[in-house]
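1. okay, here's the prediction I keep looking at, along with the sequence it came from:
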Amino acid sequence: MRFAVLLIFALAGCASRWGDPHAPKTVVADEAGGAVTVNHGARLQIPLVNDPAGAYEWRRVEPEILRIVLEGPPDAEGQYFTPVRSGEEKLRLEYRPVGGEGTAQRVVSYDVTVPEGGLFSRMWDAFKEVFSRPKK
């Protein structure tokens, strides 16, 4: 009998988890732009939504070499990006007519930093720290 009660509680605990435990951590950027840091394995949400009528859309105009890439088409919550390279980049988005002609109605810039990640990177940083100490 005790085993059955314990089994019920264990299964209830498994069923009570919210969402996907393996989902990436989402970093939400400010709508006005600015500096943002997103680690490898996480994703960046930029809450800029396209015109519901379909007349305007957000377009990426910078940079040419990407540190973060768009995961898919924008949705009602904005755009999601995934880091693919470490380093810094200036992400510039313009709100333009869908046809591409005409001037940008709004421009937003983000200074995105993707720090080095992974075991090798941490070991290399520790190695450099040991040998960069001043000698006594």
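-> Structure's in. What do you need? Please read all numbers here as calculations on a predicted model, not as lab measurements. Residues are numbered from 1 along each chain as shown.

2. SS state for the residue nearest to the spatial centre of the chain?
-> Nearest to the geometric centre of the chain sits Leu44, at 1.9 Å (CA atoms, centre = their mean). Classification of Leu44 by DSSP: H, G, I helix; E, B strand; the rest coil places it in strand.

3. my read: it touches Val84, true?
-> No: the criterion here is CB atoms under 8 Å, and Leu44 misses it with Val84 at 11.6 Å. C-betas here are computed from N, CA, C, even on glycine.

4. need the overlap of contacts for these two.
-> Ile68 (CB atoms under 8 Å, 6 or more residues apart in numbering).

5. pull the contacting residues for the residue nearest to the centre of the chain.
-> 26-27, 29, 36, 38, 68, 80-83, 112.

6. next helix or strand past the lowest-mean-pLDDT helix or strand in the chain?
-> When each helix and strand of the chain is scored by mean pLDDT, DSSP states H and E, helix 2-15 comes last, with a mean of 65. As assigned by DSSP states H and E, the chain's next helix or strand after helix 2-15 is strand 26-28.

7. got a list of contacts for that next one?
-> So strand 26-28 is contacted by 36-38, 42-45, 47, 80 (CB under 8 Å, 6+ apart).

8. buried ones in that strand?
-> Val27 (16 or more other CB atoms under 10 Å).

9. Val38 touches Ile68, doesn't it?
-> Yes: using CB under 8 Å, Val38 is in contact with Ile68, at 6.9 Å.

10. so where do the strands sit in the protein?
-> Counting by DSSP state E, the chain has strands at residues 26-28, 34-37, 43-46, 56-62, 68-70, 79-83, 87-97, 106-114.
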